[in-house]
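**Q** return a 3D structure for these sequence lines:
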Amino acid sequence: MVTHVPAEAHGDERGALLSFVEAQRGALRRSVLGLTEEQAASRPSASELSLSGLLKHVAEMELNWLRMAQQRPNERQRSEETWGDSFRLVGDETVPGVLAFWNSVTKETEEFIRSVPSLDDTFPLPPAPWFPKDGRVSMRWLMMHLVEEIARHAGHADIIRESLDGKGAFDLVALEQGGDWGA
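**A** The predicted structure is shown next:
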């Protein structure tokens, strides 16, 4: 990881988990710095993944997990037929629009996690071949899963961005801060 995740106050497990999730989100957000919509949508490797598609997928994935934890319907629920659209911008969607949507999801995630009585509280997993029958997970598990899922896609984004213009994670942190990594 190329950024330092600030230490939480002693015993602030929620703060630590939220900080690590946010660090991974930042890596993915930085992947589109300075790019045009066309560059962000391009697929410079054998993969079908693009940077804008990764942003959209991660935003929708976080919303999906949040809604499961809240035990509320997901207003952006995907079906098998629309699953591919979660990895690409369609219609009038733009990178700034996806980032604004994701920012609203991240705020809601933080408010929700800070409001649950305990990180030990659980919620049911939906029926799916990849989940155990009648499975439940804790809020702590949810946060660890968000770290895992977002970090995985941030790694994909690193490779895609480097393939586009050679900028690596250190370059993007410096760009975000208005400097140059070598300076």
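
**Q** can you list contacts of stretch 66-77?
**A** Stretch 66-77 is contacted by residues 60, 63-64, 105, 108-109, 112, 123-126, 139, 142 when judged by Cβ atoms under 8 Å, 6 or more residues apart in numbering. C-beta coordinates here come from the backbone N, C-alpha and C atoms, glycine included.

**Q** repeat that for 10 Å
**A** The contact list for stretch 66-77, computed with Cβ atoms under 10 Å, 6 or more residues apart in numbering, reads 56, 59-60, 63-65, 82, 86, 101, 105-106, 108-109, 112-113, 116, 121-126, 137-139, 141-143, 146.

**Q** show me where the chain has its helices.
**A** 13-30, 37-41, 51-70, 95-115, 139-165, 169-176 (DSSP state H).

**Q** hey, which of those helices is tucked in deepest?
**A** Greatest average neighbour count among these goes to helix 51-70 (a mean of 21), per mean count of other Cβ atoms under 10 Å.

**Q** then it to PDB, C-alphas only?
**A** Taking C-alpha atoms only, helix 51-70 is exported to PDB below (Å, rounded to 0.1, in the frame of the first residue of the first chain):
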ATOM      1  CA  LEU A  51     -11.200   1.900 -14.800                       C
ATOM      2  CA  SER A  52     -14.700   3.500 -15.100                       C
ATOM      3  CA  GLY A  53     -16.300   0.000 -15.100                       C
ATOM      4  CA  LEU A  54     -14.300  -0.900 -11.900                       C
ATOM      5  CA  LEU A  55     -15.500   2.300 -10.200                       C
ATOM      6  CA  LYS A  56     -19.100   1.600 -11.100                       C
ATOM      7  CA  HIS A  57     -18.800  -2.100 -10.000                       C
ATOM      8  CA  VAL A  58     -17.300  -1.300  -6.700                       C
ATOM      9  CA  ALA A  59     -19.800   1.500  -6.000                       C
ATOM     10  CA  GLU A  60     -22.700  -0.900  -6.700                       C
ATOM     11  CA  MET A  61     -21.000  -3.800  -4.800                       C
ATOM     12  CA  GLU A  62     -20.700  -1.600  -1.700                       C
ATOM     13  CA  LEU A  63     -24.300  -0.500  -2.000                       C
ATOM     14  CA  ASN A  64     -25.400  -4.200  -2.300                       C
ATOM     15  CA  TRP A  65     -23.500  -5.200   0.800                       C
ATOM     16  CA  LEU A  66     -24.800  -2.200   2.700                       C
ATOM     17  CA  ARG A  67     -28.400  -3.000   1.800                       C
ATOM     18  CA  MET A  68     -27.900  -6.600   2.800                       C
ATOM     19  CA  ALA A  69     -26.600  -5.500   6.200                       C
ATOM     20  CA  GLN A  70     -29.400  -3.000   6.600                       C
END
